[in-house]
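Asker: have a look; sequence and predicted model below, questions after that.
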Number of protein chains: 2
Amino acid sequence: MSRLRLNMMMSLDGFVAGPEQGPENPFGIGGMQLNEWLLPLRAFRELHGEEGGEVNASTPFVEGWFENIGATVMGRNMFGGGPGPWGADPWTGYWGEDPPYHHPVFVLTHHAREPLEMQGGTTFRFVTEGIESALEQAREAAGGKDVSLGGGARAVQQYLAAGLLDDILISLVPVLLGSGARLFDDLGAARPRLEQVEAVEAPGVTHIRYRVLG
Amino acid sequence: MSRLRLNMMMSLDGFVAGPEQGPENPFGIGGMQLNEWLLPLRAFRELHGEEGGEVNASTPFVEGWFENIGATVMGRNMFGGGPGPWGADPWTGYWGEDPPYHHPVFVLTHHAREPLEMQGGTTFRFVTEGIESALEQAREAAGGKDVSLGGGARAVQQYLAAGLLDDILISLVPVLLGSGARLFDDLGAARPRLEQVEAVEAPGVTHIRYRVLG
């Protein structure tokens, strides 16, 4: 059974991005602190075609991010380019010509757009029919593999409240951002039950896996 | 040097109590789920004079709660009895005749009150001069030992924002409360820097220690 999996770096006060996200500040003010544990890792540098780097207790988690993933779903805010219509010279994502996905990525949006084929196997497909349709299309594209929920916070909240999210990996970072995009917020009446599967201490971060019991 | 230490059980969405806290519901609606990992432990049952119980990876953390603690500071909401004047038949706390503190407890309040001596060495002292005075009095009473910050969320936020908190132990529970008292909130302009000291997986909870760097 193909599962919907979420991996997020979160501050101790619950934020996955600082305030005022935008093209020049994709993680928001202060949000780059969420990545500090990640940047020195060999497993991360390899994703970007760089050599060298550290191996530590975080390594298996970073290596696992894309393991058995056949497609990604993400919200419009995560894809970026601001809200509203796409315009004449549309935004092509934060990740350059060769995004690190290498599989189909389904972007939730209210504004229809032709598929955008990037280098390295990443194609952005824009879904206007809502979260369930996006997940269905992603599952079909994944061909039996799992689907990754890429974020941002609002997309995660919708999938979680709808009972569609199966696995959560939180990389909890020892930082207080104070404001920004809070991951676990606006749940409405939904109270998904969680099971703690695994928790691992690593330099500058704690990785905790949860299974959503529904 | 006597340190100000905080131990809190927190939901994955950041709450240390559910909504609608009161005498019949000291942890708020759903808040008892924060304790589920704790109740079967021998180390917890012993605090309440009960026998038997489990020993697991949580045990050293629970045993450490009161280790080298000479006094406690807590907010009025944590002490309970509602806001406002104390009245003719004043509230004596949530903990019965013999509270588990066994040392002086300084309660932050806007309403003066005579000290309240309980059994077993716990005396509640009511401080109307603010958080710094309460901490100073607690340090003096602790006689060189550490001071415990007992909560609730608003008292913690004030000590954290003022740069007076030294050590934080978060016991992160795999539950989503959805609303209630959020621990790391309303920081204002303060951005205390944290260092992750230790993280330990235990059944149904993850314990993470942080040092506040200031």
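Answerer: That came through, no problem.

Asker: not counting sequence-adjacent ones, nearest residue to the residue most central in space within chain A?
Answerer: Taking CA atoms, centre = their mean, the centroid of chain A lies closest to residue A:150, which sits 2.4 Å from it. Once flanking residues are discounted, residue A:150 sits nearest to residue A:74: 3.5 Å by CB to CB, 6 or more residues apart in numbering or on different chains. No exception for glycine: its C-beta is placed from N, CA and C like everyone else's.

Asker: for residue A:117, same thing?
Answerer: Residue A:117 sits nearest to residue A:123 (CB to CB, 6+ apart), 4.8 Å away.

Asker: do you know how far that neighbour is from residue A:67?
Answerer: In this view, residue A:123 and residue A:67 are 20 Å apart by CB to CB, to the nearest Å.

Asker: so for these two, which sits in the more crowded spot?
Answerer: residue A:123 (16 against 10; other CB atoms under 10 Å in any protein chain shown).

Asker: could you count how many residues lie near the nearest residue to residue A:91 once chain neighbours are set aside?
Answerer: Spatially, and ignoring its direct neighbours in sequence, residue A:91 is nearest to residue A:81 (2.6 Å; CB to CB, 6+ apart). By the measure other CB under 10 Å, the count of residues near residue A:81 is 18.

Asker: residue A:81 contacts residue A:75, doesn't it?
Answerer: No: assessed by CB atoms under 8 Å, residue A:81 is found out of contact with residue A:75, at 12.0 Å.

Asker: so who does residue A:19 touch?
Answerer: By CB atoms under 8 Å, 6 or more residues apart in numbering or on different chains, the residues touching residue A:19 are A:28, A:29, A:179, A:180.

Asker: look up phi and psi at the second one.
Answerer: Dihedral angles phi and psi of residue A:29 (degrees, to the nearest 10) take the values phi -60, psi 120.

Asker: distance of it from chain B?
Answerer: Per CB to the nearest CB, to the nearest Å, residue A:29 is found 10 Å from chain B.

Asker: for that residue, give me its contacts.
Answerer: Contacts of residue A:29 by CB under 8 Å, 6+ apart are A:18, A:19, A:20, A:180.

Asker: what's the answer for the last one, then?
Answerer: Applying CB under 8 Å, 6+ apart to residue A:180 gives the contacts A:15, A:16, A:17, A:18, A:19, A:21, A:28, A:29, A:30, A:31.

Asker: just say helix, strand or coil for the residue of chain A most remote from its centre.
Answerer: For chain A, the largest distance from the centre (CA atoms, centre = their mean) belongs to residue A:88, which lies 27.0 Å off. Following DSSP: H, G, I helix; E, B strand; the rest coil, we place residue A:88 in the coil state.

Asker: roughly how far does it sit from chain B?
Answerer: Taking CB to the nearest CB, one finds residue A:88 at 40 Å from chain B.

Asker: assign a three-state SS to the residue nearest to residue A:150, would you?
Answerer: Strictly by three-state DSSP, residue A:74 counts as strand.

Asker: over to residue A:62?
Answerer: Per three-state DSSP, residue A:62 ends up helix.

Asker: okay, and the residue lying closest to it once chain neighbours are set aside sits in which element?
Answerer: Computed as CB to CB, 6+ apart, the closest residue to residue A:62 that is not its neighbour in sequence is residue A:43, at 4.1 Å. Element membership of residue A:43, judged by DSSP states H and E, is helix A:42-47.

Asker: list the buried ones in that helix?
Answerer: Residues A:42, A:43, A:44, A:45, A:47 are the ones in helix A:42-47 that count as buried (16 or more other CB atoms under 10 Å in any protein chain shown).

Asker: over to stretch A:127-143?
Answerer: Neighbour-count burial for stretch A:127-143 [16+ other CB under 10 Å]: A:127, A:131, A:134, A:135, A:137, A:138, A:139, A:141, A:142.

Asker: looking at those, which are in helices?
Answerer: Applying DSSP state H to the buried residues of stretch A:127-143, the entries found in helices are A:131, A:134, A:135, A:137, A:138, A:139, A:141, A:142.

Asker: what sits against the fourth one?
Answerer: When contacts are counted by CB under 8 Å, 6+ apart, residue A:137 is found next to A:106, A:125, A:127.

Asker: make it 7 Å
Answerer: A:106, A:127 (CB atoms under 7 Å, 6 or more residues apart in numbering or on different chains).

Asker: what's the pLDDT at it?
Answerer: If you check residue A:137, the pLDDT there is 98.

Asker: roughly how far apart are it and residue A:113?
Answerer: 14 Å.

Asker: ok, the first one next?
Answerer: Residue A:131 sits 17 Å away from residue A:113, going by CB to CB.

Asker: one more: the fifth one?
Answerer: Residue A:138 is 17 Å from residue A:113, where distance means CB to CB.

Asker: ditto for residue A:184
Answerer: 30 Å.

Asker: likewise residue A:141?
Answerer: 17 Å.

Asker: next: residue A:41.
Answerer: Distance from residue A:41 to residue A:113, by CB to CB: 34 Å.

Asker: between those two, which has more neighbouring residues?
Answerer: Higher neighbour count among residue A:41 and residue A:113: residue A:41, with 21 against 15, using other CB under 10 Å.

Asker: for my notes, confirm the residue nearest to residue A:91 occurs in a helix.
Answerer: No: read with three-state DSSP, residue A:81 is coil and lies in no helix.

Asker: surely it meets residue A:94?
Answerer: No: Residue A:81 is beyond contact range of residue A:94, at 9.0 Å (criterion: CB atoms under 7 Å).

Asker: which residues touch residue A:67?
Answerer: No contacts exist for residue A:67 under CB under 7 Å, 6+ apart.

Asker: repeat for residue A:7
Answerer: A:65, A:169.

Asker: specify the next element, helix or strand, located C-terminal of the helix or strand it falls within.
Answerer: Under the criterion of DSSP H and E, residue A:7 resides in strand A:4-11. Per DSSP H and E, the first helix or strand lying C-terminal to strand A:4-11 is strand A:15-17.

Asker: how near is residue A:143 to residue A:2?
Answerer: Distance from residue A:143 to residue A:2, by CB to CB: 9 Å.

Asker: can you check residue A:190 too?
Answerer: 22 Å.
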